[in-house]
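K.L.:
quick one, fold the following:
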Amino acid sequence: MSPPAPSAAVSTTAGHHTQAASIPRAQHDSKANAIRALAMDAVEQAKSGHPGLPMGAADIATVLFTRFLKFDPQDPVWPDRDRFVLSAGHGSMLIYALLYLLGYPAMTIEEIKRFRQWGSLTPGHPEFGHTPGIETTTGPLGQGLANAVGMAIAEAHLAGCFGREIVDHHTFVLASDGDLMEGISQEAIALAGHLRLNKLVVLFDDNGITIDGPLSLADSVDQIKRFESAGWAATRIDGHDPNAIAAAIEAAKVSGRPSLIACRTRIGFGAPTKEGSEKSHGSPLGKEEIEGARKNLGWTTPAFEIPSDILSAWRSAGQRSVPAHRAWEARLAALPAGERAEFTRRMDRKIDSAGLDRAVRAVKEKLSATPKEIATRAASEFALESLVPALPELIGGSADLTGSNNTKPKGMTLLSAAAPAGRFIHYGVREHGMAAAMNGMALHGGVVPFSGTFLVFSDYCRPAIRLAALMRQRVIHVMTHDSIGLGEDGPTHQPVEHLAALRAIPNVLVFRPCDGVETVECWQIAIENENRPSVLALTRQNLPQLRLGLDTANRCRTGAYEISPASGEAQASIFASGSEVPIAIAAQKLLAGRGVSARVVSVPCLDLLLELSPAERVTLVGTAPVRVAVEAAVRQGWDALIGADGIFVGMKGFGASAPIKDLYQRFEITAEHVANETMVKVNTP
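P.N.:
Predicted coordinates for the structure are as follows:
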């Protein structure tokens with residue numbers, strides 16, 4: 001197949017661009033066709049996969065990786081490398097082919113042959129932490145693009161903290177039509193434009209094809225105008241012209257704004273009958289089609305074989321940034337020892353444990369000296385007043401609910417386009433984008449992101465929280481107004497199923513502290529857990545401080561502990577979380593007056609409790625014959641603790657609009673009801 005006629009890069013917003021030095025077209029084509037061949041062969045052997053995107057985007061990737069991207073295959077986590085996000089994760093063979101061709105040691109030809117097989121480094125979609133060289137787990141469309149925004153935020157912030165001699169890299173994204181149709185993309189690009197993240201470049205694989213067929217079946221958005229309206233520079237080019245691609249990337253690198261390069265491509269480039277068709281999107285091409293594609297591309301070697309001269313050219317490209325890497329290491333070594341140690345500590349994701357312990361102790365000492373009857377959202381802010389100064393990597397934010405979430409303690413400076421070293425982000429009403437950007441920030445390294453919204457809006461954040469759990473990333477979601485206790489706003493804002501839904505995600509820690517002491521302890525656990533996301537579900541309503549005196553131990557670490565022991569042998573154990581712990585203690589007193597001995601166990605983190613060994617768990621759960629759980633939410637999840645025959649006092653449906661006292665009374669989440677239900681069970685033979 002003859003290549004399309006070369007075309008110049010056309011910028012619709014940037015005032016200029018620098019023409020890239022051209023290379024012989026035959027040299028470029030041979031490299032790009034190596035990607036196409038590996039993609040065709042791997043998908044065919046697996047009888048599963050998406051050959052169309054790698055074949056269509058091969059020219060874009062070849063130009064980017066051989067002429068622009070800064071990386072070192074021998075050190076895939078070099079802190080100042082450029083980040084590349086394959087947001088269109090279904091085209092995973094593109095990045096796997098690149099990793100092999102460029103000489104990443106772990107990506108052998110045998111791994112390419114084992115595409116989508118058990119235990120391979122080439123799973124169906126790219127997975128962070130599984131395959132060296134993969135920056136983020138992608139596949140759910142739009143998430144990768146939003147992750148990249150977070151990476152660019154982290155880069156800008158760290159450059160503001162440590163200087164451009166140490167932090168100076170770009171984030172590149174390859175995005176598909178599907179990425180840009182997902183609603184999260186609008187939140188992400190609007191935030192990036194507002195923050196003027198000029199080191200963020202999106203390469204849009206503009207092939208006009210979706211699974212159902214032509215894009216025109218479902219969409220007619222002018223993406224150039226869309227990105228321009230969000231404050232981006234935007235360019236449309238021929239995505240099969242290497243000189244146009246290079247010129248557009250050069251223009252993007254000197255732009256004062258984030259850049260979109262819409263690369264018009266043909267999906268399945270080279271396939272004789274399936275090029276430009278949805279038929280090449282998500283299915284193997286088939287033997288005859290591959291033979292025709294090889295002929296069109298002039299590719300004569302057998303499956304999985306790359307001619308030595310072409311492989312050598314790729315491997316040389318893989319070494320292109322080694323001098324830059326060494327120069328960076330020299331600049332890092334030249335930093336003052338303290339600054340160098342701090343940068344290294346933060347990029348290694350290591351917390352200053354001593355500093356964290358001191359901050360937590362300071363909070364506890366203040367609460368011991370002056371107990372506070374406050375909402376746990378206010379207790380969280382009180383904790384942050386000590387935690388934020390102690391841990392410079394903490395970067396906060398809120399989805400336009402700062403005053404309600406209490407995530408901005410006094411003195412926390414704003415992160416903005418003009419002040420990237422600031423530490424608080426106004427995300428706007430963008431929960432989807434906020435949660436995904438936080439993942440990107442954590443993946444980049446050097447920061448520990450936290451943010452705030454209402455617990456009911458965790459529905460908007462859930463896809464990103466799930467991916468954070470899958471990628472084992474430390475992101476902390478402060479989610480307030482955690483129950484019917486928010487009152488008059490009514491059932492649209494009263495979460496009832498959300499605690500159960502979040503607890504159902506593997507590797508997520510859901511905390512629901514009962515007072516100020518538990519709140520700071522939960523913050524400590526969330527910060528210490530390097531490989532897990534956390535949710536802090538916090539109240540709007542004031543709660544009494546139940547933990548009095550100075551207790552330096554973190555009693556929340558086991559997920560539960562006996563907060564109020566029984567008088568004598570316990571006949572019942574009452575388990576409760578958050579705002580229902582005071583109710584459980586009040587019920588305990590009522591039961592004592594009726595001759596029934598009960599113990600109360602606070603359960604700030606059901607997840608941690610259920611992860612204990614049976615022997616460890618029994619010491620906390622106890623042996624009382626009657627078990628009761630109290631939580632202003634649905635029962636789901638609690639049977640693992642109280643059993644199917646245990647008593648649950650909580651919600652069976654949605655809430656209602658009314659003052660908090662009326663709601664708790666109407667839904668029978670009261671000490672009297674807990675005591676009555678417990679009495680019935682105790683007195684049942």
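
K.L.:
kindly indicate whether the nearest residue to His157 once chain neighbours are set aside is helix, strand or coil.
P.N.:
In this structure, His157 finds its nearest non-sequential neighbour in Pro420, 5.3 Å apart by CB to CB, 6 or more residues apart in numbering. For the C-beta atoms, the positions are set from N, CA and C on the backbone; glycine is no exception. Here Pro420 is recorded as coil under DSSP: H, G, I helix; E, B strand; the rest coil.

K.L.:
residues contacting Pro420?
P.N.:
Applying CB atoms under 8 Å, 6 or more residues apart in numbering to Pro420 gives the contacts 156-157, 159-160.

K.L.:
make it 10 Å
P.N.:
Shown in contact with Pro420 (CB atoms under 10 Å, 6 or more residues apart in numbering): 153-161, 195-197.

K.L.:
can you give me the pLDDT of it?
P.N.:
Pro420 carries a pLDDT score of 98 in this model.

K.L.:
what of Gly593?
P.N.:
We note a pLDDT of 97 for Gly593 in this prediction.

K.L.:
which non-adjacent residue is nearest Leu590?
P.N.:
Nearest to Leu590 is Ala675, by CB to CB, 6+ apart, at 4.0 Å.

K.L.:
that neighbour: neighbour count?
P.N.:
When neighbours are defined as other CB atoms under 10 Å, Ala675 has 25 of them.

K.L.:
list the buried ones in the host helix or strand of it?
P.N.:
Assigned by DSSP states H and E, Ala675 belongs to helix 671-682. Using 16 or more other CB atoms under 10 Å as the test for burial, helix 671-682 gives 671, 673-679, 681-682.

K.L.:
with distance to Arg326 and pLDDT added, can I get those in TSV?
P.N.:
Output for the buried residues of helix 671-682, formatted as TSV (distance: CB to CB, whole Å; pLDDT from 0 to 100):
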residue	distance to Arg326	pLDDT
Ala671	68	98
His673	70	98
Val674	67	98
Ala675	71	98
Asn676	74	98
Glu677	70	97
Thr678	69	97
Met679	75	96
Lys681	71	93
Val682	73	93
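
K.L.:
pick the one among those residues closest to Cys556.
P.N.:
Nearest to Cys556 among these, counting by CB to CB, is Val674 at 22.4 Å.

K.L.:
thinking that closest one is in contact with Val649, fair?
P.N.:
Yes: judged on CB atoms under 10 Å, Val674 makes contact with Val649 at a distance of 5.2 Å.

K.L.:
what residues are shared contacts of these two?
P.N.:
574, 576, 580, 583-584, 587, 628-630, 668.

K.L.:
okay, now Lys287: neighbour count?
P.N.:
When neighbours are defined as other CB under 10 Å, Lys287 has 9 of them.

K.L.:
now it. Nearest residue, chain neighbours left out?
P.N.:
Among residues not flanking Lys287 along the chain, Glu44 sits closest, at 7.4 Å (CB to CB, 6+ apart).

K.L.:
regarding this protein, what is its longest helix?
P.N.:
If you go by DSSP state H, the chain has its longest helix at helix 25-46.

K.L.:
that helix - contacts with which helices or strands?
P.N.:
On a contact count with 3 or more CB pairs under 10 Å, 6 or more residues apart in numbering; DSSP states H and E, helix 25-46 meets helix 52-67, helix 92-102, helix 109-113, helix 242-253, helix 287-297, helix 308-318.

K.L.:
for that helix, buried residues please.
P.N.:
For helix 25-46, burial by neighbour count (16+ other CB under 10 Å) applies to 28-46.

K.L.:
what's the answer for stretch 213-220, then?
P.N.:
Buried residues in stretch 213-220 (16+ other CB under 10 Å): Leu215.
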